[in-house]
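Colleague: What follows is a predicted protein model with its sequence.
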2 protein chains.
Amino acid sequence: MKALLTLLLPTMLWAQAQPPNIVVVFCDDLGYGDLGCYGHPTIRTPHLDRMAREGTRLTEFYVGASVCTPSRAALLTARLPIRSGMCSDKRRVLFPRSKGGLPASEITLAESLKAAGYATGCFGKWHLGHRKPFLPTRHGFDTYYGIPYSNDMDRVRGSPKGRASFNDPKSEYWNVPLMKDEEIVERPADQTTITRRYADAALAFMSESTQAKKPFFVYLANSMPHVPLFASDAHRGKSPRGLYGDVIEEIDANVGRVLDFIRSNESTAKNTLVFFTSDNGPWLPYGLHGGSAGLLRAGKGTTFEGGLRVPGIAWWPGKIPAGRVTAGMATTMDLHVTALELAGATIPDDRTLDGQDIQGFLRGGSSPRTTVLYYRGATLYAVRVGPWKAHFITHGAYGSGPKRTVHDVPKLFHLEHDPSEQHEVGKKHPDVIAKLRKIAATHRASVEAPPSQLELR
Amino acid sequence: MKALLTLLLPTMLWAQAQPPNIVVVFCDDLGYGDLGCYGHPTIRTPHLDRMAREGTRLTEFYVGASVCTPSRAALLTARLPIRSGMCSDKRRVLFPRSKGGLPASEITLAESLKAAGYATGCFGKWHLGHRKPFLPTRHGFDTYYGIPYSNDMDRVRGSPKGRASFNDPKSEYWNVPLMKDEEIVERPADQTTITRRYADAALAFMSESTQAKKPFFVYLANSMPHVPLFASDAHRGKSPRGLYGDVIEEIDANVGRVLDFIRSNESTAKNTLVFFTSDNGPWLPYGLHGGSAGLLRAGKGTTFEGGLRVPGIAWWPGKIPAGRVTAGMATTMDLHVTALELAGATIPDDRTLDGQDIQGFLRGGSSPRTTVLYYRGATLYAVRVGPWKAHFITHGAYGSGPKRTVHDVPKLFHLEHDPSEQHEVGKKHPDVIAKLRKIAATHRASVEAPPSQLELR
């Protein structure tokens, strides 16, 4: 018995003392309605559905912006993009010609966790600056494997014009580089196998970190299902939903591989928080190549719910309740702060953070979050407080032209009664409008916005 | 050991030899998107979600019509309503002044199962004729407890005008009778407790049938969430979704009671098929008092998917796979035929049935159904074959006026790629349109429609 204890003790102590591994799985333009467990009828996501059954499914989970660059900045800094210069009313995201990127003065989740002793790996799309000073390896990641900006940028001359290139996409139509750390290792990146290769790299990294007895932070930022869509031979032509479904089903299968690794290792099985989400809502103007926001209104690029509310699945057997479905509000910025708390990392106290610690919420309690701020570019368009959301400005779906409308009387919706934002109730609740106006004004007055990084060319 | 066997044997043999109990839970105007497991963010349905986890969730399940009377006729006869006279282009449903009802010549599911030795009970809304010759007890049900037509009919003079009566509904605004067998036992029916009382009656009936060692058929046809909405004190004011959510959560709780009874009795636990569904899609013009079709287009009264595609959860531990989600097509008419097969009941061979046996599908195989016919009143509006759906005629949302449009070139959608019917693809697929036109024409030519029962006054 004593021998057995001696044998077990180091492992047990390590498992107790070790801060939890943290895995954040991002997708690109995956909509609120695109998973089986969020109600899609023909996209099959058994691994994510199982993740939800074993964990908690959030029905009111938000990102920090409804397009790529600022949303990623929000996750990695725990701050609204307006505070880091990672948004703009002129350019929505970074482009290959952009000279800017996430400033060195920002403290990323990877930096904080690395300082707390974590091995840190970024696998997938970055899109926070592709020039050297802005790369993941300069922002706290030990290693990086992925593409530096969107997969539809860098269009090759002579490839089929416009959206014709999307109907039967080939990687060589886009000259997107694949990078390892700070070097380009493949150009154009072979996008047909890229989802699997990101997961392969993440698995190898988790395995190494586990063997080295180091806690790990994995940021697995799938570049799919952003158009153009690519699936590997194993998945292409398999989903009833067509190519878009193939792509989601391939992501699902690879999340399954990651979870299987974690489940099968004693040191990770009970000590890893995995969070699955998306960077913003579906890119609706792309039709069948875009996803679905389910019952939510509009999609990517807008400040309707379909733009910023995304799937959110939290998984940590033994710590996060299994099978819970909750409408408690939370954001990617909360996820960041919570990860710092769990890791025992230093919480920056010299700047404003917009995230809140949601450990208690994820463990079964209620969420401390009461407010969501909806920015489009550098402008606050809408505010949610409790169930109430006031739109001060609205904009048509991304890509469908500048239908920007300023509302003298904000459009008010009760999101818990009316998640689809169909039934305005402002006339009955002038007091609520007044309250939300005040919260918006106070926020606007408090924000100090540095120059935009997205406008540097 | 021998004594134990002797003790167990009768029970075991009975459990083997006994045909399965059959429970069909209907709702009234519950939409495709109104349950947690179908993606609603703020309506909490833990019992139905559990039912789906323990059973199979169908994502392409259809009713026979997008309004009440003909949809119920389809379930109970296994025939399209056009064959039984239970539809009309002039009157969509039966009204308190109607003189017609389901003809005696129709063979209902209850009649067939009763002839096969089942105890048969109908609990809830009937709406297939409220005059004596048409009541459930004249159509094969041993017992009946419920309201004979919709809960918004029989408006009392002096009650608040129009929709004002719905905002704070009281049972006494509507003079709807509650019937026990063929007698009125309460008028107006107290609708605040009605969902629970239907379940109470069904539970008592199941208990009696079980004690009498008779297989039972329960048709639990909730009259909620049809407007006006009512919830009991235990549920009113509890759901984040407001009154509509209270109502669904009360239905959920009562389905939980029914399932708990079945789970807890040895003779029922392994030998009962329970199927949960709705009579048609959500009544959208009623705003927050109407439900959600999720990502599907339109709702009740239309031949878009939101009108006829509804939640469908099949539960039978040990026979129906647990946790399966399937996009195989099926209809309430198939459910009828399947129940007959399971019961060893006689399948009528002197008339056209529109249902198909889906036992193999429910047990884990693929569905034999390839076609769905979408009627509005007595007119075929659309046809689905495989993933393809052609709209020959479309109509605006029910209640929003007569925006009927005949399409010279049918509107074609690929429903598995595009469940929301947003992206017409007819130009690319003239061959598919030709095929669907032919199927529609063949069907129309084959149908012999008796006089409509809905037009008799």
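Modeller: All right, it came through fine. Numbering: from 1, shown residues only, chains lettered A, B, ... in the order given.
Colleague: For chain B, what is the nearest residue in chain A?
Modeller: Relative to chain B, the nearest point of chain A is A:Gly39 (2.4 Å; C-beta to the nearest C-beta). (Each C-beta comes from the backbone N, C-alpha and C, glycine too.)
Colleague: Am I right that A:Met153 is in contact with A:Arg97?
Modeller: No - assessed by C-beta atoms under 8 Å, A:Met153 is found out of contact with A:Arg97, at 9.5 Å.
Colleague: Which residue is the nearest non-sequential neighbour of the residue of chain A closest to chain B?
Modeller: Spatially, and ignoring its direct neighbours in sequence, A:Gly39 is nearest to B:Gly39 (2.4 Å; C-beta to C-beta, 6 or more residues apart in numbering or on different chains).
Colleague: what about that neighbour, how many residues close to it?
Modeller: 27 (other C-beta atoms under 10 Å in any protein chain shown).
Colleague: Provide a list of residues in contact with it.
Modeller: Counting by C-beta atoms under 8 Å, 6 or more residues apart in numbering or on different chains, B:Gly39 touches A:33, A:38-40, A:294-295, B:33, B:294-295.
Colleague: my guess is A:Phe61 is in a strand, correct?
Modeller: Yes - note on A:Phe61: a strand contains this position according to DSSP: H, G, I helix; E, B strand; the rest coil.
Colleague: count of neighbours near the closest residue to it other than its chain neighbours?
Modeller: Leaving aside its chain neighbours, A:Phe61 sits nearest to A:Gly312 (2.9 Å; criterion: C-beta to C-beta, 6+ apart). Around A:Gly312 there are 25 other residues, counting by other C-beta under 10 Å.
Colleague: Can you show me the helices along the stretch 301-450 of chain A?
Modeller: A:305-308, A:332-343, A:359-362, A:430-446 (DSSP state H, counting those that start in this stretch).
Colleague: Could you single out the most deeply buried of those?
Modeller: helix A:305-308 (a mean of 31; mean count of other C-beta atoms under 10 Å in any protein chain shown).
Colleague: Residues touching that one, excluding its own?
Modeller: Contacts for helix A:305-308 (C-beta under 8 Å, 6+ apart): A:31-32, A:62-66, A:280-282, A:284, A:293, A:296-301, A:372, A:374, A:398, A:415, A:419-421.
Colleague: For A:Leu220, pull up the helix or strand it's in.
Modeller: strand A:216-221 (DSSP states H and E).
Colleague: Distance from the chain centre to that strand, please.
Modeller: 11 Å (C-alpha atoms, centre = their mean, to the nearest Å).
Colleague: and if you look at stretch A:265-279?
Modeller: 15 Å.
Colleague: now swap in stretch A:19-27 and tell me
Modeller: Distance, centroid of stretch A:19-27 to centroid of chain: 11 Å (C-alpha atoms, centre = their mean).
Colleague: Please save the CA atoms from it in CSV.
Modeller: Output of stretch A:19-27 as CSV, limited to C-alpha atoms (Å, rounded to 0.1, in the frame of the first residue of the first chain):
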residue,chain,number,x,y,z
PRO,A,19,-2.6,24.8,-13.3
PRO,A,20,-5.1,23.7,-16.0
ASN,A,21,-4.2,23.4,-19.6
ILE,A,22,-6.2,25.9,-21.7
VAL,A,23,-7.4,25.2,-25.3
VAL,A,24,-9.3,27.8,-27.2
VAL,A,25,-10.7,26.6,-30.5
PHE,A,26,-11.7,29.4,-32.9
CYS,A,27,-13.4,29.2,-36.2
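Colleague: average pLDDT across it?
Modeller: Mean pLDDT, stretch A:19-27: 98.
Colleague: cool, stretch A:359-378 as well?
Modeller: pLDDT averaged over stretch A:359-378 gives 98.
Colleague: Could you pull out the buried residues of it?
Modeller: Within stretch A:359-378, the residues that qualify as buried by neighbour count (16 or more other C-beta atoms under 10 Å in any protein chain shown) are A:359, A:361-362, A:367, A:369, A:372-378.
Colleague: Reformat these as a markdown table; add distance to chain B.
Modeller: Converted to a markdown table, the buried residues of stretch A:359-378 look like this (distance: C-beta to the nearest C-beta, whole Å):
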| residue | distance to chain B |
| --- | --- |
| A:Gln359 | 22 |
| A:Phe361 | 15 |
| A:Leu362 | 18 |
| A:Ser367 | 13 |
| A:Arg369 | 15 |
| A:Val372 | 14 |
| A:Leu373 | 20 |
| A:Tyr374 | 17 |
| A:Tyr375 | 22 |
| A:Arg376 | 22 |
| A:Gly377 | 27 |
| A:Ala378 | 29 |
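Colleague: Out of these, which sit inside strands?
Modeller: A:372-376 (DSSP state E).
Colleague: Touching the strand holding A:Leu220 from outside, list them.
Modeller: Under C-beta under 8 Å, 6+ apart, the answer for strand A:216-221 is A:21-26, A:28, A:72, A:76, A:109-110, A:113-114, A:118-126, A:141, A:146, A:198-199, A:202, A:205-206, A:209-210, A:258, A:279, A:339, A:343.
Colleague: could you give the angle of whichever helix or strand comes after it to strand A:216-221?
Modeller: Downstream of strand A:216-221, the next assigned helix or strand under DSSP H and E is helix A:243-264. Inter-element angle recorded for helix A:243-264 and strand A:216-221: 170 degrees (by axes from the mean of the first three to the mean of the last three C-alpha atoms, to 10 degrees).
Colleague: which other helices and strands contact helix A:243-264?
Modeller: For helix A:243-264, the elements it packs on are strand A:21-26, helix A:46-54, helix A:194-211, helix A:266-269, strand A:272-276, judged by 3 or more C-beta pairs under 8 Å, 6 or more residues apart in numbering or on different chains; DSSP states H and E.
Colleague: Repeat the analysis, applying 7 Å as the threshold.
Modeller: Counting by 3 or more C-beta pairs under 7 Å, 6 or more residues apart in numbering or on different chains; DSSP states H and E, the packing neighbours recorded for helix A:243-264 are helix A:46-54, helix A:194-211, helix A:266-269, strand A:272-276.
Colleague: Tell me which of these sits most buried.
Modeller: strand A:272-276 (a mean of 26).
Colleague: Just the CA coordinates for it, please, in PDB.
Modeller: What follows is strand A:272-276 as a C-alpha-only set of coordinates in PDB (Å, rounded to 0.1, in the frame of the first residue of the first chain):
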ATOM      1  CA  THR A 272      -7.900  21.000 -19.300                       C
ATOM      2  CA  LEU A 273     -10.400  23.700 -20.100                       C
ATOM      3  CA  VAL A 274     -11.500  23.600 -23.700                       C
ATOM      4  CA  PHE A 275     -13.600  26.300 -25.200                       C
ATOM      5  CA  PHE A 276     -15.000  26.200 -28.700                       C
END
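Colleague: where does the stretch 51-200 of chain A come near chain B, residue by residue?
Modeller: Proximity of the stretch 51-200 of chain A to chain B (C-beta under 7 Å from any C-beta of the partner chain) is limited to residues A:53, A:59-60.
Colleague: Columns distance to B:Lys438 and mean pLDDT on top of the helices and strands packed on helix A:243-264, output as CSV?
Modeller: Converted to CSV, the helices and strands packed on helix A:243-264 look like this (distance: least, C-beta to C-beta, whole Å; pLDDT from 0 to 100):
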stretch, distance to B:Lys438, mean pLDDT
helix A:46-54, 38, 97
helix A:194-211, 42, 98
helix A:266-269, 58, 95
strand A:272-276, 46, 98
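Colleague: Dump those into TSV; add distance to B:Arg83 as well.
Modeller: Shown next, in TSV, are these (distance: least, C-beta to C-beta, whole Å):
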stretch	distance to B:Arg83
helix A:46-54	39
helix A:194-211	50
helix A:266-269	58
strand A:272-276	48
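Colleague: average pLDDT for the longest strand seen in chain A?
Modeller: What stands out as the longest strand in chain A, according to DSSP E, is strand A:405-414. Per-residue pLDDT over strand A:405-414 has a mean of 94.
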